[in-house]
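Participant: would you be able to build a 3D model of this:
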Amino acid sequence: MTSSANSSPSSTPSSNQAGSNGPSANTTAEVLYRERQWVPWYWWLGAAFVAALTAATVGLNRHDFWPVITFFIVFALLAWALVSMSKTVITVEKDPDNTRWILVKGAQLPGDVVARSLAVPKTARRSALGPQLDPAAFLVSHQWVDELVMLVLDDPEDPTPYWLVSSKDPEALLRAFVPEQAEQAIKDLNA
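Facilitator: Okay, the predicted model is just below:
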């Protein structure tokens, strides 16, 4: 996963230092969309398998409690790693001024600086993250999330050309964040 954020008004940190820029300054912001990007369930099975295999290996020619202790220690470490990988939360909020904001990985973006938006299907993901990726783009991508949302910015104060964010449901994310652009943005998604 890669991420980078700029500190201009359109992509400011969403912590308490945000001041009056964005929904975090107001406690009355309405949440329109929220997505937590958990790792797939079968990764947990893989973690249990690795822990069991490690425990069985450690338990060879040893007392019976060694494999049990090893299993719990290894599985706890792997569970911690999987939960840490699942921390990404994408939120779309609407503040009292009816400005829609997307918040992800400590950065926030108002909807009024988005010139164009696009749902990037699974088939175009590799191109979007590979040769076509602008190094100045804000990127939040996970290998286990197949589709992306691209938000092209029109903000002369921000050197970030666009945001590229993984989403399990790009259609719902775009409808919540930029409803006026959603139909055009998702037309190639289901094609």
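Participant: CA atoms for contacts and neighbours, from now on please.
Facilitator: Noted.
Participant: what's in contact with the helix of greatest length in the chain?
Facilitator: Scanning the chain for the longest helix, with DSSP state H as the assignment, gives helix 65-85. By C-alpha atoms under 8 Å, 6 or more residues apart in numbering, the residues outside helix 65-85 that reach it are 38-39, 44, 47-48, 51-52, 54-59.
Participant: how about a cut-off of 6 Å?
Facilitator: 51-52, 55-56, 59 (C-alpha atoms under 6 Å, 6 or more residues apart in numbering).
Participant: buried subset of these?
Facilitator: Among these, the ones that count as buried by 16 or more other C-alpha atoms under 10 Å are 51-52, 55, 59.
Participant: find the helix or strand that Q108 is a member of.
Facilitator: Assessed by DSSP states H and E, Q108 sits inside strand 107-110.
Participant: give me the sheet partners of that strand and which way each runs.
Facilitator: Next to strand 107-110 in the sheet, as set by DSSP bridges, lie strand 12-13 (antiparallel), strand 100-104 (antiparallel).
Participant: need the ones you listed in JSON lines with distance to L174 and mean neighbour count, can you?
Facilitator: Below are the strands paired with strand 107-110 laid out as JSON lines (distance: least, C-alpha to C-alpha, whole Å; neighbours: other C-alpha atoms under 10 Å):
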{"stretch": "strand 12-13", "distance to L174": "20", "mean neighbour count": "22"}
{"stretch": "strand 100-104", "distance to L174": "10", "mean neighbour count": "24"}
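Participant: weakest of the ones you listed in terms of mean pLDDT?
Facilitator: Lowest mean pLDDT within the strands paired with strand 107-110: strand 12-13, at a mean of 44.
Participant: which other helices and strands contact the helix or strand following that one?
Facilitator: Next in sequence after strand 12-13, counting helices and strands by DSSP H and E, comes strand 30-36. The contact analysis (3 or more C-alpha pairs under 6 Å, 6 or more residues apart in numbering; DSSP states H and E) places strand 30-36 against strand 89-94.
Participant: 8 Å - rerun?
Facilitator: strand 89-94, helix 170-177 (3 or more C-alpha pairs under 8 Å, 6 or more residues apart in numbering; DSSP states H and E).
Participant: out of the buried ones among the contacts of helix 65-85, who's nearest A119?
Facilitator: A51 (38.0 Å; C-alpha to C-alpha).
Participant: roughly how far does that closest one sit from A79?
Facilitator: Relative to A79, A51 is positioned 10 Å away (C-alpha to C-alpha, to the nearest Å).
Participant: and F177, by the same measure?
Facilitator: 33 Å.
Participant: next: Q184.
Facilitator: Relative to A79, and taking C-alpha to C-alpha, Q184 is found at 40 Å.
Participant: compare those two (neighbour count), which wins?
Facilitator: Set side by side, Q184 and A79 show more neighbours around A79, with 16 against 13, by other C-alpha atoms under 10 Å.
Participant: got the contact list for V31?
Facilitator: 91-94.
Participant: got the domain boundaries for the chain?
Facilitator: The record's domain parsing of the chain by automatic domain parsing lists 12-37+90-186, 41-85.
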